[in-house]
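[1] My questions are about this predicted structure, shown below with the sequence.
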Amino acid sequence: MKLKYDLHIHSCLSPCGEDTMTPANIAAMAMLAGIDVGAVSDHNSTRNCPAFLEAAEKAGILAVPAMELTTAEEAHILCLLPSLAAAEELDRYVYARLPPVKNRADVFGKQLMMDAEDGVIGQEPHLLITATSIGVHDVAGLLNDLGGIAIPAHIDRTSFSILSNLGFITKEMGFEALETTRGADFDALAAAQAEVRGMPVIINSDAHRLDDIFDAEFELEADEISAEGVIEAIRKGNALKRL
Ligand SMILES: [Zn+2]
Ligand SMILES: [Zn+2]
């Protein structure tokens, strides 16, 4: 079945994610926007995923556990996971490879961990936006081992993208799908990146404010309404644009 998606949304745990971006608010907003499947993908953390999954279930939408991982090269990679257990495993792996730089709440925001009822359950002390020691060539394999998928994020952006920071995407990096912003020039990207021409592309909001969450616009075709079903659909490129 066709599912309208927005799989890249930041909660109040992300630096620069507004405090109103609670898991409950995101789920409610996504539901109002007509989204069938959403994902909270905070920088280098999955700790607001449990609350988002619970809130999404109450709102009647599907949630996919997710993270936006910052590689050693400062390239952002959207990671989608089949289960909370896999998300926790990725969280532990990434957190151990994050430099212990203290967050400055006055500059970057409070990095709030929430429950599904808008209750604050903690504050992340380490700045989550910093680069991990995980290399860009290792992310696809890492996610594969967890049953998930690694997707280079907003490749058409001029900062924190694999193309802005490395200049190219090669087949040996192992990625099976890409993400662009809504305004991306597919022809130019495909011409410049011959190795990944034909690869499935998802388009997400990368919302940091509630208003940024996409109205139902982009869809994928999943065999099964589950996180695994969504990951499989992206891997196969069902109903997705291709570069
Ligand atoms: Zn990003
Ligand atoms: Zn993002």
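    That came in fine, so what should we check first? Ligands and ions are numbered 1, 2, ... in the order given.
[2] alpha carbons only for contacts and neighbour counts from here, please
    Will do.
[3] what sits against His76?
    68-70, 152-154, 160-162 (Cα atoms under 8 Å, 6 or more residues apart in numbering).
[4] Which residue, neighbours along the chain excluded, lies closest to it?
    Thr70 (4.7 Å; Cα to Cα, 6 or more residues apart in numbering).
[5] what's the burial count for that neighbour?
    Neighbour count for Thr70, taken as other Cα atoms under 10 Å: 28.
[6] from what I can see it touches Gly135, true?
    No - look at Thr70 against Gly135 with Cα atoms under 8 Å: they stay out of range, at 9.2 Å.
[7] rewinding a little: just the buried ones from the contacts of His76?
    68-70, 152-154, 160-162 (16 or more other Cα atoms under 10 Å).
[8] Inside strands: which ones of these?
    68-70, 152 (DSSP state E).
[9] want to try a markdown table for these, with distance to Thr181 and pLDDT as columns?
    Shown next, in a markdown table, are those (distance: Cα to Cα, whole Å; pLDDT from 0 to 100):
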| residue | distance to Thr181 | pLDDT |
| --- | --- | --- |
| Glu68 | 15 | 98 |
| Leu69 | 17 | 98 |
| Thr70 | 18 | 98 |
| Pro152 | 12 | 97 |
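[10] between the contacts of His76, which is closest to Ala27?
    Glu68 (18.3 Å; Cα to Cα).
[11] Specify the beta-bridge partners of that closest one.
    Applying DSSP bridges to Glu68 yields these beta-bridge partners: His43, Leu78.
[12] thinking again about what came up before, tell me which residues touch the residue nearest to His76, please.
    Per Cα under 8 Å, 6+ apart, neighbours of Thr70: 43-44, 76-77, 129-132, 134.
[13] By neighbour count, which of those residues wins?
    Counting neighbours by other Cα under 10 Å, the top entry in the contacts of Thr70 is Asn44, with 32 neighbours.
[14] if I look at the nearest residue to that residue once chain neighbours are set aside, how far off is Gln111?
    In space, Asn44 comes closest to Leu69 once its chain neighbours are excluded; the distance is 4.8 Å by Cα to Cα, 6+ apart. The spacing between Leu69 and Gln111, counted by Cα to Cα, to the nearest Å, is 16 Å.
[15] so Val196 makes contact with Thr170?
    Yes - counting by Cα under 8 Å, Val196 does reach Thr170; the two are 7.0 Å apart.
[16] the more surrounded of these two?
    Val196 (21 against 12).
[17] Look through this structure and report the residue furthest from the middle.
    The C-alpha centroid of the chain is most remote from Ala191, which lies 25.7 Å away (Cα atoms, centre = their mean).
[18] now that residue, what's its secondary structure?
    Recorded secondary structure, Ala191: helix (DSSP: H, G, I helix; E, B strand; the rest coil).
[19] Quick check: closest non-adjacent residue to it.
    Arg197 (7.9 Å).
[20] these two touch, right, the one you found and Leu243?
    Yes - assessed by Cα under 8 Å, Arg197 is found in contact with Leu243 at 5.2 Å.
[21] Name the residues contacting each of these two.
    Ala190.
[22] Which of these two has more residues huddled nearby?
    Taking neighbours as other Cα under 10 Å, Arg197 and Leu243 compare with Leu243 leading, 21 against 15.
[23] Give me the pLDDT for the more buried one.
    With respect to pLDDT, Leu243 scores 92.
[24] got the contact list for it?
    Neighbouring residues of Leu243 by Cα under 8 Å, 6+ apart: 186-187, 189-190, 196-201.
[25] now stretch 210-230: mean pLDDT?
    The model assigns stretch 210-230 a mean pLDDT of 95.
[26] Now tell me what touches it from outside.
    1-6, 9, 20-21, 25-26, 29-30, 33-35, 62-65, 81-83, 148, 203-207, 232-234, 237-240.
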